[in-house]
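Asker: please work out how this folds:
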Amino acid sequence: MTRDSKYSRLKIKASTTDKIGTKPLYQHLVELAKKKGISGATVFRGIMGYGSSSAIHSSRFWELTEKLPVVIEFVDETEKLELFYSEIEEELQSMPKGCLVTIEPTEILLQKKGT
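Answerer: Numbering: from 1, shown residues only. Just a heads-up that it's a prediction; the model follows:
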């Protein structure tokens, strides 16, 4: 990554219960992004939220299967993220439940490699 390149953040907002095949959507996408060489991915699990269905989902201790909001976030060069999205768009479109995908420009201030 260089400061001369244009970077973006790709966000996919979905649910912890969404799956691609037998895997959770978030796991499938993070593993695929790693294979495709996307620089970074993070999954955030929310405690409450609602989407286009307007049904509010929240954490309740008595529920065995929690349907909670999840945000899957990727950061890389804009061109790479646009290509990655074009490769996963059909899978996202074919999911039975809704999701929201956004992309926004971002600036990398520091990327320090770990050990």
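Asker: need the residues that contact stretch 33-47.
Answerer: Stretch 33-47 is contacted from outside by 1, 16, 26, 29-30, 58-59, 68-77, 80-81, 84, 87, 111, using CB atoms under 8 Å, 6 or more residues apart in numbering. In short, each C-beta sits where N, CA and C put it, glycine included.
Asker: residue nearest the centroid of the chain?
Answerer: Centroid-nearest residue in the chain, with CA atoms, centre = their mean: Ile72, separated by 2.1 Å.
Asker: for that one, which non-adjacent residue is closest in space?
Answerer: Ile12 (4.5 Å; CB to CB, 6 or more residues apart in numbering).
Asker: secondary structure element holding the one you found?
Answerer: Per DSSP states H and E, Ile12 falls inside strand 7-15.
Asker: now the helix or strand following that strand, how far from the chain's geometric center?
Answerer: Later in the chain than strand 7-15, the nearest helix or strand by DSSP H and E is strand 19-20. In terms of CA atoms, centre = their mean, to the nearest Å, the centre of strand 19-20 is set 13 Å apart from its chain centre.
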